[in-house]
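*Asks:* Pasting a predicted model and its sequence here:
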Amino acid sequence: MQFLDYSHNPALIGASLLVALMAGFTGLSLTQGLAQRSTLQKKLSIALAAISLGGGIWSMHFVAMLGLQLPILFYYDAAVTLSSALVAILVVGVALLLLHFRERTPLVLVSAGSIVGLGIIAMHYIGMAGLEMCRALYTPLGITLAVLASCLLNIAAFWIAYGQRSHRNILLGTVCFGVAVVAVHFIAIAGTGFVADSSVNEVGPSIGKEIMAMGVVLSSFVLCGAFLLTGVTFLEPSQQVVPAVVAETGGEGAIAEVASGPIEIEPRGKQIPYELKGQTLFADLDSVAAIRAEGHYTHIYTAHGVFFCAWSITEAEKRVAPNPFLKTHRSYLINPAHVISFERLKDNGICHFDLPGLAKVPVSRSRLKQVRATLGV
């Protein structure tokens, strides 16, 4: 079988990388600071970020495909091409929901990166299946290398971007994401051969390079606009975000409003600062049942609700000492006085509470002995 010779337009290779970088920055920036927002706001931001990242993956692929130069004319099936874009958006959305509505453990980060990696691969091969008058042929080695590269590079991108939700990490994550998307495309193309094929199995109408170019230019224009809008916000001087009083309902990240007034405290003993309606208020340590890490910040749990605190979990652990707060898990400090029951689960455990938004707190294996001794069980 005679394979067709092909080459790439260097200018469009550069343009495809630029599109991937803009998409990565826009999507990762839109998801910054979601912990302080309501569940509805989080879902809306995640939807917009999924469209930005998934749409950027699709746009990058077809900008690069516009630069693919073959000795024959070829076309695209419009329905298959559209399907590839929707697949990319939906898969990225699943990964973002996992990251923002579950505890961000190493397993979750690896899972999210792998999901996006497989989504990029799915989008690529679905898009290639839409070629008409030209057929793409693949080798097992080429597919394997593309899948491995996609998963590993995207795991690295999300690990960096979500390791710490700082400006620096988002920028580094953007670079990793952009390089990952472009690298995966060209690794997959390197393992692909093209042959002329006059048979046509149309799912939808055929479109030529001219129509495809118009669609790609439009999607890239929208991405560029979103990039500029998020870039302006990104460069503003950082300000303390003051969330409404919230309480968790369901998963680790699900948050809902439950209160509107400040915690009543007595002006004695150590206190923990929290933010409410533009003010910094203070909660007496005895009224705090637990402290949970949320990136560089924490949330404190009281009988009145859940409140945002600017301390990190490490700073909180130092400041509450030597008060009887226990670190049950790398993300939790608890006040034993508020524990209503303890449950042993093989080599770890769970502390149960009866507070709005706080039903239970995990106890890791390394902390189990200390927690049981303190609780007297």
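*Replies:* Now that the structure is in, tell me what you want to look at.
*Asks:* count of residues packed around residue 291?
*Replies:* For residue 291, the count of nearby residues is 23 (other CB atoms under 10 Å). Yep, even glycine has a C-beta here, placed from its N, CA and C like the rest.
*Asks:* OK, contacts around the nearest residue to it once chain neighbours are set aside?
*Replies:* Sequence neighbours aside, residue 333 is the residue nearest to residue 291 in space, at 4.3 Å (criterion: CB to CB, 6 or more residues apart in numbering). Neighbouring residues of residue 333 by CB atoms under 8 Å, 6 or more residues apart in numbering: 290, 291, 313, 316, 317, 320, 325, 326, 327.
*Asks:* what's around residue 154, how many residues?
*Replies:* Residue 154: 26 surrounding residues under other CB under 10 Å.
*Asks:* quick one: contacts for it?
*Replies:* For residue 154, the contact set (CB under 8 Å, 6+ apart) comprises 113, 114, 116, 117, 120, 177, 180.
*Asks:* pLDDT score assigned to it?
*Replies:* Per-residue confidence (pLDDT) for residue 154: 94.
*Asks:* can you check residue 350 too?
*Replies:* If you check residue 350, the pLDDT there is 90.
*Asks:* So what pairs up with it in the strands?
*Replies:* Beta-bridge pairing for residue 350 (DSSP bridges): residue 343, residue 362.
*Asks:* Surely it and residue 367 touch.
*Replies:* No. Under the criterion of CB atoms under 8 Å, residue 350 is not in contact with residue 367, lying 12.0 Å apart.
*Asks:* So for the two, which sits in the more crowded spot?
*Replies:* Ranked by neighbour count (other CB under 10 Å), residue 350 and residue 367 place residue 367 first, with 18 against 15.
*Asks:* All the helices of the chain, in order from the start?
*Replies:* For the chain, the helices defined by DSSP state H occupy 10-30, 39-66, 78-101, 106-129, 140-163, 167-190, 209-234, 313-320, 368-375.
*Asks:* Turn these into JSON lines, including distance to residue 298.
*Replies:* Below are the helices of the chain laid out as JSON lines (distance: least, CB to CB, whole Å):
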{"stretch": "helix 10-30", "distance to residue 298": "22"}
{"stretch": "helix 39-66", "distance to residue 298": "18"}
{"stretch": "helix 78-101", "distance to residue 298": "17"}
{"stretch": "helix 106-129", "distance to residue 298": "19"}
{"stretch": "helix 140-163", "distance to residue 298": "17"}
{"stretch": "helix 167-190", "distance to residue 298": "19"}
{"stretch": "helix 209-234", "distance to residue 298": "24"}
{"stretch": "helix 313-320", "distance to residue 298": "6"}
{"stretch": "helix 368-375", "distance to residue 298": "19"}
